[in-house]
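Colleague: Could you look at this predicted model? Sequence included:
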Amino acid sequence: MNTLRYAIPSLLLMAMLPAAFAEDHLVMQKDKAFSAKALSIKTGESVTFRNEDEFFHNIFSLSDPAPFDLGAFGKGQTRKLVFDQPGHYEVECAIHPEMRMTVNVSK
Amino acid sequence: MKHLRLCMAVVFGLCAGRAGAAVDARPADADPWLRPAQVPAPESNAPTAERVELGKALFFDPRLSGSNWISCASCHNPALGWSDGLPTGMGHGMKPLGRGTPTILNTAYNPLQMWDGRFKDLEQQALGPMGSGAEMNQDLGSVATEFAAIAGYRARFDAAYPGESISTTTIAKAIASFERTVVSGEAPFDRWRRGDAAAIGASAQRGFELFKGKAECGLCHMGWNFTDNGFHNIGLNSEDPGRYAQKPLKSMKGAFKTPTLRDVALTAPYMHNGMYASLEEVIEHYDRGGDLKDNLSPSIRPLGLTVVEKRDLLEFLKTLTGAPMLVVLPQLPQ
């Protein structure tokens, strides 16, 4: 019985590990450009976008797998998104259309 | 690329005819507030003197419109800052259009064209108003045939685009080549940046500091062309969806492209709908933080400018008026 008592929490912890330790990729927005032009990640991983400019930026994608719009955010602020649908994403800043990058999410 | 740079230099020397034109011959990043010497152009339409001269004739030729009465220059009038002085443009049948005519000054440097950024380059843009029923109302299916029937144009197209037929493509390329010569001339502000301390007054110098600082104009009107080439809802009383028609995102509702401020004193009235007759009214708009708050850009907020600060800003904006481009009207081919 004692063994079972300790085994159940351990199993729960093991089940939570993939989510808790899914990799997060940092992309900076600086001088009206993304720090990466292309990013390849796995399903379930996340990307954190950090604005290092003095003015507002935006993050959105109208790509088919899962369109999103994270809105506008100012200097020093971040927006984090978990990519839980595989596919090819064209990611842009709505305010500054020259800012474009791609995120390829593999299964 | 070297070839392209040389072409642009030759073309400007032959065709621009600008009085007192001076650009920053140093590396483009030497001073971000001075216009880089190199004017961008696509490899597929490298500028030549023949192309620019042809484009100039087409730009001033009213036969490009369905009525044979409206030319590009009817709205983009060089005597009116390459705009028309009207709140909104006047289209086919003298019907007012929905938006103001933007200047074509420095459009060569724009990554996107039109108030809502619907066209990616000047070649695309040239055909937009021409084929619009509300604007020049030209039948794009027959315009090439119409111009091919004019002997003087056949010779010019042959010289400008040898081996290519007269088509909407070559018409657009020629017009775009001319428009790329319409660039800002040296302004008092530029002379001041180059070290002439007396080129602008103390009030304008304070205005520049306000522009970059307290007034927060530089958050969008940044760099030598005073634009971030971006899109913002600045809280105007307008129901125009603006950029939203191209990018259906909430933040783009009512957002429009940041216009250049080069020669801004020459291009009244202001805003995409021409609702402000003067720069003073524009400054008041920004000082109160816009009017419609529904989808206001987070960059727009009340500024608390004093009377003196508003005057300083105005004085600074006036220093952006460059030496005028001397335009000799072409004798149109017959």
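Modeller: Alright, I've got the coordinates.
Colleague: low-scoring pLDDT stretches of the chain, where are they?
Modeller: In the absence of a named chain, this looks at chain A. A:1-20 (pLDDT under 70).
Colleague: Chain B is the one I meant
Modeller: Low-confidence segments of chain B, defined by pLDDT under 70: B:1-29.
Colleague: can you list the domain ranges for it.
Modeller: As assigned by automatic domain parsing, chain B contains the domains B:2-179, B:201-318.
Colleague: Adding distance to A:Glu45, write those domains out as a markdown table.
Modeller: Where C-beta positions appear, they are placed from N, C-alpha and C, glycine not excepted. Converted to a markdown table, these look like this (distance: least, CB to CB, whole Å):
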| stretch | distance to A:Glu45 |
| --- | --- |
| domain B:2-179 | 31 |
| domain B:201-318 | 24 |
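Colleague: so what's B:Pro129 up against?
Modeller: Applying CB atoms under 8 Å, 6 or more residues apart in numbering or on different chains, one finds that B:Pro129 lies in contact with B:72, B:75, B:135-136.
Colleague: re earlier: quick check: which of the domains of chain B is nearest to A:Gln77?
Modeller: Nearest to A:Gln77, of all the domains of chain B, is domain B:201-318, at 10.6 Å by CB to CB.
Colleague: Could you give the separation between the terminal residues of that closest one?
Modeller: The stretch domain B:201-318 measures 11 Å between its terminal residues, going by CA to CA, to the nearest Å.
Colleague: Find the pair from the contacts of B:Pro129 with maximum spatial separation.
Modeller: It's B:Cys72 and B:Glu135 that sit farthest apart of the contacts of B:Pro129, by CB to CB, at 10.1 Å.
Colleague: phi, psi of B:Glu109?
Modeller: For residue B:109 the amino acid is Tyr, not Glu. When quoted as degrees, to the nearest 10, the phi and psi of B:Tyr109 stand at phi -90, psi -10.
Colleague: Show me the helices in the stretch 151-300 of chain B, by range?
Modeller: B:151-160, B:168-179, B:188-193, B:202-212, B:279-287 (DSSP state H, counting those that start in this stretch).
Colleague: Which one of these lies nearest to chain A?
Modeller: For chain A, the closest of the helices of the stretch 151-300 of chain B is helix B:202-212, at 10.1 Å, according to CB to the nearest CB.
Colleague: which outside residues touch that closest one?
Modeller: Residues outside helix B:202-212 that contact it (CB under 8 Å, 6+ apart) are B:188-189, B:192, B:217-218, B:221, B:305, B:309, B:311-319.
Colleague: Buried residues in that helix, which are they?
Modeller: Using 16 or more other CB atoms under 10 Å in any protein chain shown as the test for burial, helix B:202-212 gives B:203-208, B:210-211.
Colleague: Between the residues you listed, which sits nearest B:Ala174?
Modeller: Looking at the buried residues of helix B:202-212 and their distance to B:Ala174, the nearest is B:Phe211, at 37.3 Å (CB to CB).
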